[in-house]
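# Following is a predicted model, sequence given first.
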Amino acid sequence: MKLKALSILVAASAATSAFAADETKTWDVTSELGAIVTSGNTETTTLKGGVKVLHNLENWNNEYKLDGIYKEDEIENDQGVKETQRTNEKYSISAQGNYKLNEKHSHLFIYGSHVSDYFGAYRNESVISAGYGLRLIDRSDMWLNAEIGPGYKYFQYPDDSTEVDENGNSLAGEREGEAIALGKVDYNWQISDSARFTQLVSVEYGDTNTKTRSESAILAKINGSLQMKVAYNITHNSDVADDKENTDTETSLTLVYSF
């Protein structure tokens, strides 16, 4: 049952080819999928999938993302019996609209996202933000975009959270919200005809918590539409419960199909 949500995401990745075929070149769609299954002394199943859609219009550039990861491992319980347990499960969805300004490669944006994380510092997080973006580097083989703006974050603590408020009351399962400042830097370097490096860093700064996310990736072209992607993701929360780590990392190897 826990695989159901990610299965739907994987199906969506496969279905996008039919969707893109009927649209004009204003649509740019990529789907990403990876899976690791091991057996023997150690049994592990990891699934990772995503869909990214860019919609380019005369006055707007819009971006829509859907991502998910699911992992289960065989773990020995207190009785010495091996059992399969879910060890990671996270889904995220986001949308951003960029309104083009007269100045070249500058825009106003509005952004919204939601993350559901079963093992993270927060069970659910929703963000809405607006601001200004511009291109700092613009070369034929390289570009660097930056965005900044105010926003608001609404988040929920895990049901098993050990955090307490200033009065000593448990925050487990509680929901809070706060104003934040959001900044993002997006770097793209076309190393060669068949290789590309990307770096994305985003920061959500708030009084309760500052969340920093980074993805470093190399994409190698297999053929005209298919690429192999190696990525390293870091998520850092400045304030977490005592039983949680501040930093989560993820290394992934996936196939990316573009059309």
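Happy to help now that I have it. Numbering: from 1, shown residues only.

# C-alpha only now, for contacts and for neighbours.
OK.

# Going by residue numbers, what spans are strands in the stretch 151-259 of the chain?
175-190, 195-205, 210-221, 226-237, 247-258 (DSSP state E, counting those that start in this stretch).

# Compile those into JSON lines and extend it with columns for mean pLDDT and distance to residue 90.
Shown next, in JSON lines, are the strands of the stretch 151-259 of the chain (pLDDT from 0 to 100; distance: least, Cα to Cα, whole Å):
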{"stretch": "strand 175-190", "mean pLDDT": "96", "distance to residue 90": "19"}
{"stretch": "strand 195-205", "mean pLDDT": "97", "distance to residue 90": "18"}
{"stretch": "strand 210-221", "mean pLDDT": "96", "distance to residue 90": "15"}
{"stretch": "strand 226-237", "mean pLDDT": "94", "distance to residue 90": "13"}
{"stretch": "strand 247-258", "mean pLDDT": "92", "distance to residue 90": "12"}
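
# Show me the one of these that comes nearest residue 28.
strand 247-258 (7.6 Å; Cα to Cα).

# Paired strands for that closest one, with orientation please.
strand 27-38 (antiparallel), strand 226-237 (antiparallel) (DSSP bridges).

# can you pull the alpha-carbon coordinates of the last one into CSV?
C-alpha atoms of strand 226-237 as CSV (Å, rounded to 0.1, in the frame of the first residue of the first chain):
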residue,chain,number,x,y,z
LEU,A,226,17.7,9.8,-22.7
GLN,A,227,20.3,10.9,-20.1
MET,A,228,21.8,9.3,-17.0
LYS,A,229,21.8,11.5,-13.9
VAL,A,230,24.0,11.3,-10.9
ALA,A,231,22.9,13.6,-8.1
TYR,A,232,23.8,14.4,-4.5
ASN,A,233,21.2,16.1,-2.4
ILE,A,234,21.6,17.8,1.0
THR,A,235,18.8,19.1,3.2
HIS,A,236,19.7,21.0,6.3
ASN,A,237,17.3,22.3,9.0
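
# how much distance is there from it to the middle of the chain?
Taking Cα atoms, centre = their mean, to the nearest Å, one finds the center of strand 226-237 at 9 Å from the center of the full chain.

# Which one, of the strands paired with strand 247-258, ends up nearest to residue 105?
Taking Cα to Cα, strand 27-38 is the member of those nearest to residue 105, at 18.5 Å.
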